[in-house]
Every structure is written in structure tokens, then in C-alpha cells.
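Enquirer: make a model of this:
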Amino acid sequence: MKNQLKLTFVLLIVFYSSATFGQTKDKYYFNMFIAGSSLTYRGNNDVFLKSGEYTWNLNFASSVGKHFFCGIQVLNIFTDYRKVNIETKKNTVFGIFTQYNITPYSQFRPFLELSYNRGNYYFPPDAYYPENNKYYTYIGMGGGADMPLAFISKNLFIDLSFIFYLQKPKDKIIYDYNQYIIGINYRFGKM
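Expert: Model (predicted):
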């Protein structure tokens, strides 16, 4: 786990360094930050095993240009089994992401997202329980939008997104985990 965190930290520094090269005079560079959180649910109504997965996503991002945000995220995945007497399992996925703002610096912010993640969540197609003792790579792709909640605060936004992950267990790539996001984002800085 420590090696995975070190790798993610190094990749984040390299990514930020490459994104900032030549942009020191850019007025959009590091002038806005976003802190976000969401809780989503994905259920399974199998005849033999009724389960539910709750994903708590925490993310932090910064502007690195007029159209781009870059940041880090942590997905905590809790699997709850209701038909059998098995304790709730927790899996963690963490990584870096970039978002392309389609309409930069507007109150309504549609975006496309790409991410690189590592984690111990893998649900084999022939099993009832996710594995959690190995680490896998996930490439996330998707999009969404931030919509203002100005009646509460000018800096508070509802985040509606959908991200699907390509996962590489063993020697093949599969599409196994997707996440719809209904969350809250708070923006700091200039808009």
C-alpha cells in the first residue's frame, strides 16, 4: 500500500510539473480549487446473494489552465452482503485525474474526465465476492457537470457525473466497475 501511495504521489508531481511548464504567466493556473465528495450505491439482486456497494468518493482538484483541472481522488468501496452472514468488505481505489472544461469558468461547468487509478477492488466474473488482496490498475473515462446551488452558497455545486473504469487484472482488460456520481463540490478561488 505504501508503494502504491508513493507511486501515485510521484505521478501527481510529474503530471503537475508537465502541466505547468510554460504556463507561469497564465492567469488561470492554480487560481481555483475544488473539493468534492459523493456517496453512490450500486446493488446486486442475485438469487443466491443480495449485495450492495456503497462508494464514498473524495476528490481535490486545482485549475492548471483555462480548460483543465487536475487532482487526486480516493474511492472507498464498501460491499454489504444481506442474504448471507458475511461482514462488510472495504476496498480502496486511489489515483489522479484530469478534467477538460467544455465551458471554462462558467457557473455551469460541463467536463470530460480521464483518470489513472490503483486499487484492490476486483470482482471476478465467476465469483460472488470481490477480491481485495491484490492491487490492480484502472483507467477511468467519463464526463459530467457541476451545477450551481447559488440559493445556498455561490461556491457550492452539485456534481452529476458518470465514470466507467477499464480494469487490468492479470493479462486482459475488462470493463467491470462504473460509477455514477451525485455529489457536492465546493469551489475556492476566482471564477
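
Enquirer: pull out the buried positions in whichever strand or helix holds L160.
Expert: Here L160 sits within strand 156-168, counting by DSSP states H and E. The neighbour-count check on strand 156-168 (16 or more other C-beta atoms under 10 Å) flags F157, D159, L160, S161, I163, F164, Y165, Q167 as buried. (C-beta placed from N, C-alpha, C; glycine too.)

Enquirer: got the contact list for it?
Expert: Residues from elsewhere that reach strand 156-168 (C-beta atoms under 8 Å, 6 or more residues apart in numbering): 36, 38, 109, 113, 115, 117, 122, 136-149, 173-187.

Enquirer: among those, name the buried ones.
Expert: Here, 16+ other C-beta under 10 Å leaves 36, 38, 109, 113, 115, 117, 122, 136, 138, 140, 142-144, 146, 148, 176-177, 179-181, 183-185, 187 buried among the contacts of strand 156-168.

Enquirer: I figured Y121 hits K90, correct?
Expert: No: if you go by C-beta atoms under 8 Å, Y121 and K90 don't touch, sitting 9.6 Å apart.

Enquirer: more neighbours: which of those two?
Expert: Legend: neighbour count by other C-beta atoms under 10 Å for Y121 and K90, higher for Y121 (26 against 14).

Enquirer: who does the closest residue to the more buried one other than its chain neighbours bridge with?
Expert: Using C-beta to C-beta, 6 or more residues apart in numbering and skipping the chain neighbours, the partner closest in space to Y121 is N91 (3.8 Å). Listed beta-bridge partners, N91: I77 (assigned using DSSP bridges).
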